[in-house]
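Q: I would like to see how this sequence folds:
(one chain, ligands or ions: 2)
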Amino acid sequence: MRLIGMLGDVVKSLFAKSATQNYPYKKKDVPERYHGRLDYDATKCTGCMMCVRDCPTETIKIEIVDRKTKQFFMTYNIGECVYCKQCVYNCRFDALHMTNKMWESASDQRETFQLYFGKQEYIDAFLEKRAAESTPATEG
Ligand code: SF4
Ligand code: SF4
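A: Ligands and ions are numbered 1, 2, ... in the order given. Okay, here's the model as predicted:
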């Protein structure tokens, strides 16, 4: 009797719709409230550094261009972020949000994970300065 029951299950499962998903070839929509990549609004930022202070992975950094005129931009490494949302809770100026973007963070290029938010001219100047600092001075 048990064998017949088992055979019935086998036959049934042969024609049943698969429960598994054909990922990554077919992707489902990401839920609206999913905690993925951070978003930063430089126009709301005051440079208080509360987000930086409590980030457990020290991955979020607010770079100061001009504190007087409130000019800031943010560097953020999504590969180091643990999506704890602590920075968002700490920000009293609504400048940080978690989005449902970039939740599939896989790459063989380390640079892919380093993100910059804010005015492009500030970011470009920052990257240029950093590149110049890391280039060894030539003698002669
Ligand atoms: S979500 Fe957590 S780990 Fe990611 S930047 Fe914010 S505080 Fe840091
Ligand atoms: S906590 Fe908010 S306002 Fe303060 S530095 Fe971070 S993003 Fe800017």
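Q: if I pick the most centrally placed residue in the chain, what's in contact with it?
A: Nearest to the geometric centre of the chain sits R37, at 3.0 Å (C-alpha atoms, centre = their mean). R37 makes contact with 78, 81, 98-99, 101-103, 115, according to C-beta atoms under 8 Å, 6 or more residues apart in numbering. Placement of C-beta: from N, CA and C, glycine included.
Q: Let me know the closest of these to ligand 1.
A: Nearest to ligand 1 among those, counting by C-beta to the nearest ligand atom, is C81 at 3.4 Å.
Q: Next, the residue lying closest to that closest one once chain neighbours are set aside: phi, psi?
A: If the residues on either side of it in the chain are set aside, C81 comes closest to T59, at 5.3 Å by C-beta to C-beta, 6 or more residues apart in numbering. Phi and psi for T59, reported as degrees, to the nearest 10, are phi -100, psi -20.
Q: quick revisit: in helices, which of the contacts of R37 fall?
A: With helices taken from DSSP state H, there is no overlap with the contacts of R37.
Q: Please name the residues that touch Y34.
A: Y34 makes contact with 100, 103, according to C-beta under 8 Å, 6+ apart.
Q: For this structure, what lies in contact range of ligand 1?
A: 38, 55-57, 59-60, 81-87 (C-beta under 6 Å from any ligand atom).
Q: Make a ChimeraX selection of whichever of these turn out to be buried.
A: The command below creates a ChimeraX selection of those among the residues of the chain next to ligand 1 that count as buried (16 or more other C-beta atoms under 10 Å):
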select :38,55,59,60,81,86,87
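Q: among the residues of the chain next to ligand 1, which are in helices?
A: Per DSSP H, helices hold the following members of the residues of the chain next to ligand 1: 86-87.
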